[in-house]
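Trainee: Using only what follows, build the 3D model:
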Amino acid sequence: MSEFLYDAFISYRRSDGGSVARWLRRELEAFRPPRSLRDRLPQRLRIYLDTAYERGAADFFENTIKPALLASRFLIVVATPDAALRGSGGDDWIAREIDEFTCGPNGQNLLLVRGAGAFGGPLPGDLSRCFPHIEIVDLRDVGRFWYLNLLRASRIADEKLKLIAPVAGVAAQDMPALRREQERIQQSRIGAAAGVSLALLVTISSLTTYALISRYQATTALESTLAATASLVLRLGGSDDTGAFSNEARKSFLNDACDLFDGLRTKASTDASARPLVICSGQRADDYEQLHEIDKARQFLQKAVVEAIAIHTRSHVPDDARSVVIALDQLCDFFERQGDAKTLVASLEKSDSTIAALQSDHPDQSFFPESRALRLQRMAGIYERQRQASEQLEALDKAAALAGTAAQKQIGEKQSRLLAFKARLLMAAAEVASRVVDADAALARLNEAVAAMDTAAKSSKSAGSENSLDQAAIFAMIAAVETSRGNNEVAGQARAEGRRRLDGLFISTRDVAEQERLERIRHALDDVGNADMPARSARP
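Mentor: Below you'll find the model as predicted:
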């Protein structure tokens, strides 16, 4: 199977077969072989489903569709009423896909799904003539939360196995094990989804009943249903309860909820919040990225940024503004995973100006200056790898100033955390300044870091060991800089202050990283002549 890029290519008519095709792709990609068959079956099926809309030029078929078609072991045709309609010349894309595939080396590896219409209705292309005895898999009843209807779920599960078995290469003697595994998955789905899905269905049913009373109530019901669905997306998108959901089950539920959310959003007269939109776009982009369809993943993430900004422009709600930042984070993380440093830096710079505008719209929120500080810290790391010390120093200084701005908008533990973050940025900036400016510039930043850490200690009722280590590291750096300048008395005072911060500090023996850092800082405080060690040990 390794010589093929895809295990199956799904051919469908977008007008009435799109939902069945997308459902089928998700179910096939979610298939995992039972433990007893994992050494013989593929761990993940690779399914090609064209979701692009640029169908105007013949080049699209030759350059995109045909290569994927010939790189697939199986062709799955979704038969619907519109799919059986013949276009003029080259407009019948399904017929072209069938002809191209059946003329290839795997021409007999064709599977037929009835997605809509009469079971015995007309078939696309020349399937009736070329494959008169082909078995038809009936998936007309699939839909959102299909697994909650036990009778329907049992029938659909049997039909689905008719596709999984040949595509995954399951031998006849292995079918009982495969059926048992599918029954187990079905029971797990029902159990995990019962609470969340039932609550949603009850909400939708109740609201729909009231919607029949009047048009006004119908509008209200639709908006309330949209809100309930958005809430479900948020719960699933943030779910980390592995006891209730496996990762695959969570993704499946989330995709179902996102499909419902998208449908309701287009019909509602008011905007949905931006957060569920961003979550759904991120999930779909992740699916495309795993299938190595990088351009489509990027398009989903970029579209999420644009739509989240548009929603916030209309609503001016702080959570919609935060959702813009989350969408920007998803896009930057994507560029980093692709190893595209140039585009990542450009995206970080552009996003900083966007978040600066959001910060102006919501001046009382600490989230936005903190987000900008984190971006600048990330850019500083890139500049360091590219050996651009001046740009690195500028980014760290700006980040420290923004962390301080964020701290001014908080109190207590949150303020303490932000001030500690500012101090670590200043420590990193001091290290760079000692190399590219001078010792005075480094000391100025270190003294500011001391002040930030002292204020952080006053703001926190329970300053952690990490803060104490940071304080000791700052004094170790001051001692190293003063020693290099010949100010031995001041350096001695700094070392004494650093040791005082370490006195009585208890670090669990299980925290190996902090134990190692403690030893490095203690060694730096004892080493009069080493001006580099404390700087390296104090990096944030």
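
Trainee: and stretch 468-478, average pLDDT?
Mentor: Confidence over stretch 468-478 (mean pLDDT, whole number) is 84.

Trainee: Just confirm D126 contacts A95, I think it does.
Mentor: Yes. With contact defined as Cβ atoms under 8 Å, D126 counts as touching A95 (7.4 Å). In short, each C-beta sits where N, CA and C put it, glycine included.

Trainee: Those two - which one has more neighbours?
Mentor: Neighbours were tallied for D126 and for A95 using other Cβ atoms under 10 Å; the higher tally belongs to A95 (19 against 12).

Trainee: give me the element that one is part of.
Mentor: Element membership for A95, per DSSP states H and E: helix 93-102.

Trainee: could you check the angle helix 93-102 makes with the strand ranked longest in the chain?
Mentor: Counting residues, the longest strand found in the chain (DSSP state E) is strand 72-79. Angle of strand 72-79 versus helix 93-102, following axes from the mean of the first three to the mean of the last three Cα atoms, to 10 degrees, is 150 degrees.

Trainee: What strands flank strand 72-79, and is each parallel or antiparallel?
Mentor: Here strand 72-79 has these sheet partners by DSSP bridges: strand 6-11 (parallel), strand 110-114 (parallel).

Trainee: In CSV, could you pull the C-alpha coordinates for that strand?
Mentor: Output of strand 72-79 as CSV, limited to C-alpha atoms (Å, rounded to 0.1, in the frame of the first residue of the first chain):
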residue,chain,number,x,y,z
SER,A,72,-5.4,6.5,-4.7
ARG,A,73,-5.9,2.7,-4.3
PHE,A,74,-9.8,3.0,-4.2
LEU,A,75,-12.4,5.3,-5.7
ILE,A,76,-15.5,5.8,-3.6
VAL,A,77,-18.4,7.3,-5.6
VAL,A,78,-21.2,9.0,-3.7
ALA,A,79,-24.4,8.5,-5.8
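
Trainee: pLDDT of it, averaged?
Mentor: Mean per-residue pLDDT for strand 72-79: 95.

Trainee: Quick one: distance of it to the chain centre.
Mentor: Its chain's C-alpha centre and that of strand 72-79 lie 29 Å apart, by Cα atoms, centre = their mean, to the nearest Å.

Trainee: ditto for stretch 344-353
Mentor: Using Cα atoms, centre = their mean, the offset of stretch 344-353 from its chain centre is 19 Å.

Trainee: for stretch 334-341, same thing?
Mentor: Here the centre of stretch 334-341 is set off from its chain's centre by 14 Å, with Cα atoms, centre = their mean.

Trainee: Likewise for stretch 410-420?
Mentor: 28 Å.

Trainee: repeat for stretch 375-382
Mentor: Put simply, stretch 375-382 sits 20 Å off its chain's centre (Cα atoms, centre = their mean).

Trainee: Name the residues of that stretch that are buried.
Mentor: Buried residues in stretch 375-382, counted by 16 or more other Cβ atoms under 10 Å: 375-380, 382.

Trainee: Kindly report the same for stretch 327-341.
Mentor: Neighbour-count burial for stretch 327-341 flags 327-332, 334-336 (criterion: 16+ other Cβ under 10 Å).

Trainee: Which strand or helix spans the residue nearest to L331 when sequence neighbours are not counted?
Mentor: Sequence neighbours aside, L301 is the residue nearest to L331 in space, at 4.5 Å (criterion: Cβ to Cβ, 6 or more residues apart in numbering). Secondary structure from DSSP H and E places L301 in helix 294-315.

Trainee: Mind giving me the packing neighbours of that helix?
Mentor: Helices and strands touching helix 294-315, by 3 or more Cβ pairs under 8 Å, 6 or more residues apart in numbering; DSSP states H and E, are helix 274-290, helix 318-337.

Trainee: helices and strands around the last one, which ones?
Mentor: This means helix 318-337. Counting contacts by 3+ Cβ pairs under 8 Å, 6+ apart, helix 318-337 packs against helix 274-290, helix 294-315, helix 341-361, helix 367-385.

Trainee: Same list (the buried residues of stretch 327-341) but as a markdown table, adding pLDDT and distance to L24.
Mentor: What follows is the buried residues of stretch 327-341, written out as a markdown table (pLDDT from 0 to 100; distance: Cβ to Cβ, whole Å):
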| residue | pLDDT | distance to L24 |
| --- | --- | --- |
| A327 | 93 | 29 |
| L328 | 95 | 33 |
| D329 | 94 | 32 |
| Q330 | 93 | 27 |
| L331 | 93 | 29 |
| C332 | 92 | 33 |
| F334 | 92 | 26 |
| F335 | 91 | 31 |
| E336 | 90 | 32 |
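
Trainee: between those residues, which is closest to I76?
Mentor: Proximity of the buried residues of stretch 327-341 to I76 (Cβ to Cβ) peaks at F334, which lies at 29.3 Å.

Trainee: which residues does the closest one contact?
Mentor: Contacts for F334 (Cβ atoms under 8 Å, 6 or more residues apart in numbering) come out as 285, 289, 297-298, 301.

Trainee: you'd agree Y48 is in a strand?
Mentor: Yes. Applying DSSP: H, G, I helix; E, B strand; the rest coil, one finds Y48 inside a strand.

Trainee: pretty sure it is touching I10, no?
Mentor: Yes. Y48 is within contact range of I10, at 6.9 Å (criterion: Cβ under 8 Å).

Trainee: Comparing those two, which residue is more hemmed in?
Mentor: Comparing Y48 with I10 by neighbour count (other Cβ under 10 Å), the higher total belongs to I10, at 25 against 22.

Trainee: who touches that one in this structure?
Mentor: By Cβ under 8 Å, 6+ apart, the contact list for I10 reads 21, 24-25, 47-49, 76, 78.

Trainee: R322 versus that one, what's the distance?
Mentor: I10 sits 37 Å away from R322, going by Cβ to Cβ, to the nearest Å.

Trainee: Where does the record place the domain boundaries for this structure?
Mentor: Using automatic domain parsing, the domain parsing of the chain gives 6-170, 464-540.

Trainee: Could you list the low-pLDDT ranges of the chain?
Mentor: Counting by pLDDT under 70, the low-confidence segments of the chain come to 1-2, 52-58, 86-91, 143-151, 182-254, 256-257, 260-271, 460-466, 504-511, 527-540.
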